[in-house]
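1. quick one, what's the 3D model for this:
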Amino acid sequence: MTTETEGPAPAALAPIAERAAAPATLTLPTAGGLTWRPATRDDVPVWLALRNHIARADAEPYVETAEEIDELFDGAWRDMAADSLLGFDGDGALVAWALVDSPPGDVTEVRTFCWGGVHPDRRGEGIGRQLFAWETGRARQKLAASGKDVPARVAVFAEDNSPATKVRLYERAGLETRRYYSDLARPLTGPDVPPVPDVELTGSLRLVPWSEDLAEAARLAHNDAFRDHWGSQPQTREQWAQRAGFAPEWSFLVLDDAPDVDALLASPDTDPDTAAALRAGEPLVVGYELAGRYTEDFEVRGYTFGYTDILGARRAYRGRKAALAALAAGMRAFAAEGMQYAVLDVDTANPSGAHGLYASLGYVRTTGSRMLSIEL
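-> Numbering: from 1, shown residues only. Model (predicted):
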């Protein structure tokens, strides 16, 4: 029985196989007279060249690396033969590409992400529209095949300075803007730049440099930290192991050397994986800063920088400066190697108060992006 204070009960979801409305077959693009086939690892050099040509033409704030593209073929959850598509012209030159990815760790919602692009010289021929129709069709097929009867999403990302035609393409396909992200930068050098703060940890909390033997403990901390973040889902071990560009020398963790195991085990917020690790006496990572080194982007941005890929603290440890201590350690490591800026990306609606933290440290917005999606 529903009371006035409880509000209406949420509508029951139809099975994902119905909601996804997946096409039985996919139609390859015919516009542009291209020849289409799935991507293979041998295509990495030409795929990289096309992606970075598009990035420069569209003034994107980054370029890709061969390592990042090659890593796509290492994910066992990806079926590159079915989820990727490359289009070549009559001379064998790569003109267009597409990739549909669905993270394997999704639990409370199941997501598919569509990626793709068309050579700037071949835009306006209808290739992009037909290619995106293939992507969304494949995305619906993957959702239907997931068997996960939870809310579902087909999503794309667009930089703020992306061509207006790209955003219109997404909107005409039924996607709506759901989320905005800000790219933030903080100078590390110069006479007027404030020093990176010293952060004192209390109790049994201890800052340590990244070590691979703590990778699993860090994964569990990340999954806990982001449980209440919109659009975030747990990462599997295989997902977590994919870290192209990872800079361990710039990455830091905060451990609790004497956690209150009984209290954590009694808390309904402690997830089963963390509970098992506590019972086994495994180290407890409570905060983390994992950084990336993207030297190819230095020229694009016009300065050198260290990039904080992910930052967080376990929910039970928020307010104890674990994330701040890890971030400050990362910033000092960037500066020690002569990097001019510290850079990171944040959801504009982050629930943990991250924007206020970054502003207090001197981070300012440089660029932004958005996520558009179809919610099923």
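2. for the rest of this, base every contact and every neighbour count on C-alpha atoms.
-> Noted.
3. looking at this, residue 362 is in a strand?
-> No - Residue 362 is assigned coil when assessed by DSSP: H, G, I helix; E, B strand; the rest coil, not a strand.
4. residues touching it, list them.
-> Going by Cα atoms under 8 Å, 6 or more residues apart in numbering, residue 362 touches 186-187.
5. could you find the closest non-adjacent residue to residue 196?
-> Excluding the flanking residues, the one nearest residue 196 by Cα to Cα, 6 or more residues apart in numbering is residue 328, at 6.3 Å.
6. next one: residue 370
-> Nearest in space to residue 370, with sequence neighbours left out and distances taken as Cα to Cα, 6+ apart, is residue 180 at 4.4 Å.
7. that neighbour: how many residues sit nearby?
-> By the criterion of other Cα atoms under 10 Å, residue 180 has 18 neighbours.
8. partners of the host helix or strand of it, with directions?
-> If you go by DSSP states H and E, residue 180 is part of strand 176-187. For strand 176-187, the paired strands and their directions (DSSP bridges) are strand 341-347 (antiparallel), strand 364-375 (antiparallel).
9. check the offset of stretch 179-191 from the chain's centre.
-> 18 Å (Cα atoms, centre = their mean, to the nearest Å).
10. report the buried residues of that stretch.
-> 179-188 (16 or more other Cα atoms under 10 Å).
11. again, but for stretch 103-119
-> 103-119.
12. what about those, which are in strands?
-> Taking DSSP state E, the ones among these that sit in strands are 110-118.
13. what's the closest of those residues to residue 147?
-> residue 110 (9.5 Å; Cα to Cα).
14. for the closest one, which non-adjacent residue is spatially closest?
-> residue 152 (4.8 Å).
15. for that neighbour, give its distance to residue 102.
-> Distance, residue 152 to residue 102, using Cα to Cα, to the nearest Å: 11 Å.
16. coming back round to it: dihedrals phi and psi, the residue nearest to residue 110?
-> Residue 152 adopts backbone torsions of phi -130, psi 160, taken as degrees, to the nearest 10.
17. how close does it get to residue 13?
-> Distance, residue 152 to residue 13, by Cα to Cα: 10 Å.
18. any idea which of the strands paired with strand 176-187 is most buried?
-> Counting by mean count of other Cα atoms under 10 Å, strand 341-347 has the highest mean neighbour count of those, with a mean of 21.
19. distance from the chain centre to that one, please.
-> Here strand 341-347 is found 13 Å from its chain centre; the criterion is Cα atoms, centre = their mean.
20. what's next to it, contact-wise?
-> 179-189, 303-309, 331, 334-335, 354-355.
21. over to stretch 76-88?
-> 34-40, 72-73, 94-104, 138.
22. next, count neighbours for residue 194.
-> Neighbour count for residue 194, taken as other Cα under 10 Å: 12.
23. what does residue 236 give?
-> Neighbours of residue 236 (other Cα under 10 Å): 16.
24. quick one: contacts for the residue lying closest to it once chain neighbours are set aside?
-> Using Cα to Cα, 6+ apart and skipping residues adjacent in sequence, the residue nearest residue 236 is residue 105, 5.3 Å away. By Cα under 8 Å, 6+ apart, the contact set of residue 105 is 233-236.
25. can you rerun that using 10 Å?
-> Applying Cα atoms under 10 Å, 6 or more residues apart in numbering, we find residue 105 in contact with 77, 111, 233-239.
26. helices - which of the residues you listed land there?
-> Among these, the members falling in helices (DSSP state H) are 237-239.
27. are any of those residues buried, and if so which?
-> Among these, those classed as buried by 16+ other Cα under 10 Å are residue 239.
28. which residue ranges form the helices in this protein?
-> For the chain, the helices defined by DSSP H occupy 16-19, 44-57, 66-72, 80-83, 127-146, 164-172, 215-225, 237-241, 261-266, 272-279, 296-301, 322-336, 354-360.
29. low-confidence ranges in the stretch 251-376 of the chain?
-> For the stretch 251-376 of the chain, the stretches flagged by pLDDT under 70 are 349-355.
30. look at residue 143 and report its pLDDT.
-> On pLDDT, residue 143 comes in at 95.
31. now do the contacts for it.
-> 16-17, 19-22, 102, 110-112, 149, 152-154, 376 are the contacts of residue 143 under Cα under 10 Å, 6+ apart.
32. okay, it and residue 159: tell me how far apart.
-> Distance from residue 143 to residue 159, by Cα to Cα: 25 Å.
33. for residue 327, which non-adjacent residue is closest in space?
-> That would be residue 289: by Cα to Cα, 6+ apart, it lies 5.7 Å from residue 327.
34. for the residue nearest to residue 235 when sequence neighbours are not counted, what are phi and psi?
-> Sequence neighbours aside, residue 105 is the residue nearest to residue 235 in space, at 5.2 Å (criterion: Cα to Cα, 6+ apart). Dihedral pair for residue 105: phi -90, psi 0, per degrees, to the nearest 10.
35. now render the helices of the chain as a markdown table, adding distance to residue 255.
-> Shown next, in a markdown table, are the helices of the chain (distance: least, Cα to Cα, whole Å):
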| stretch | distance to residue 255 |
| --- | --- |
| helix 16-19 | 40 |
| helix 44-57 | 39 |
| helix 66-72 | 30 |
| helix 80-83 | 38 |
| helix 127-146 | 36 |
| helix 164-172 | 43 |
| helix 215-225 | 9 |
| helix 237-241 | 19 |
| helix 261-266 | 14 |
| helix 272-279 | 13 |
| helix 296-301 | 32 |
| helix 322-336 | 9 |
| helix 354-360 | 21 |
